[in-house]
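*Asks:* Give me a model of this one.
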Amino acid sequence: MRLRFLSPAESELVAAARFYDKQVSGLGLEFLDKVQHALNVIRKNPELPSHISDSQRRCRLRRFPYGLVYQIRPDEIVVASVMHLQRHPDYWKKNL
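*Replies:* Predicted coordinates for the structure are as follows:
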């Protein structure tokens, strides 16, 4: 199944990776590796991660306080947010 990031989700992804890389060199790449792992989980079984609303699901990243918020559509999986789990819990809804 095709996977697509909405623009705000892409921006969140880049910002988070840059933030971590500024903290410790190479940590941004480790963050991106964990995102890729979560994407692989979603591709293999999109309905496995938890529901956060009627049409959205969230797959949490390992080691980092982030989750991928996504929708399952008939022909694709749409990532709406790379959500920081300790910020306002509903801020990602503006991305839809």
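*Asks:* Check what pLDDT the residue positioned nearest the centre of the chain gets.
*Replies:* Centroid-nearest residue in the chain: Leu68, 2.2 Å away (criterion: CA atoms, centre = their mean). As summarised for this prediction, Leu68 has a pLDDT of 96.
*Asks:* Surely Gln36 forms part of a strand?
*Replies:* No - assessed with DSSP: H, G, I helix; E, B strand; the rest coil, Gln36 is helix; it does not lie in a strand.
*Asks:* Give me the outermost residue of the protein relative to its centroid.
*Replies:* Extreme point of the chain relative to centroid (CA atoms, centre = their mean) is Ser25; 21.7 Å.
*Asks:* ok, back up a step: please, which helix or strand holds the residue nearest to the centre of the chain?
*Replies:* Element membership of Leu68 [criterion: DSSP states H and E] is strand 66-72.
*Asks:* Would you give the sheet partners of that strand, along with the direction of each?
*Replies:* Strand partners for strand 66-72, identified by DSSP bridges, are recorded as strand 56-60 (antiparallel), strand 76-84 (antiparallel).
*Asks:* Which helix or strand in this protein has the lowest average pLDDT?
*Replies:* Least confident element among the helices and strands of the chain, by mean pLDDT, DSSP states H and E: strand 50-51 (a mean of 84).
*Asks:* what helices or strands is that one leaning on?
*Replies:* Judged by 3 or more CB pairs under 8 Å, 6 or more residues apart in numbering; DSSP states H and E, strand 50-51 is in contact with strand 56-60. Any C-beta I mention is one placed from the backbone N, CA and C, and that applies to glycine too.
*Asks:* so what's the residue nearest to the centre of the chain bridging to?
*Replies:* Under the criterion used here (DSSP bridges), Leu68 is bridged to Cys59, Val82.
*Asks:* looking at it, Pro46 is touching Arg2, isn't it?
*Replies:* No - using CB atoms under 8 Å, Pro46 is not in contact with Arg2, being 11.5 Å away.
*Asks:* just to revisit the earlier point, list the contacts of the strand holding Leu68.
*Replies:* Strand 66-72 is contacted by residues 9, 16, 31, 35, 38-39, 42, 46-47, 52, 55-61, 77-85, 92, 95 when judged by CB atoms under 8 Å, 6 or more residues apart in numbering.
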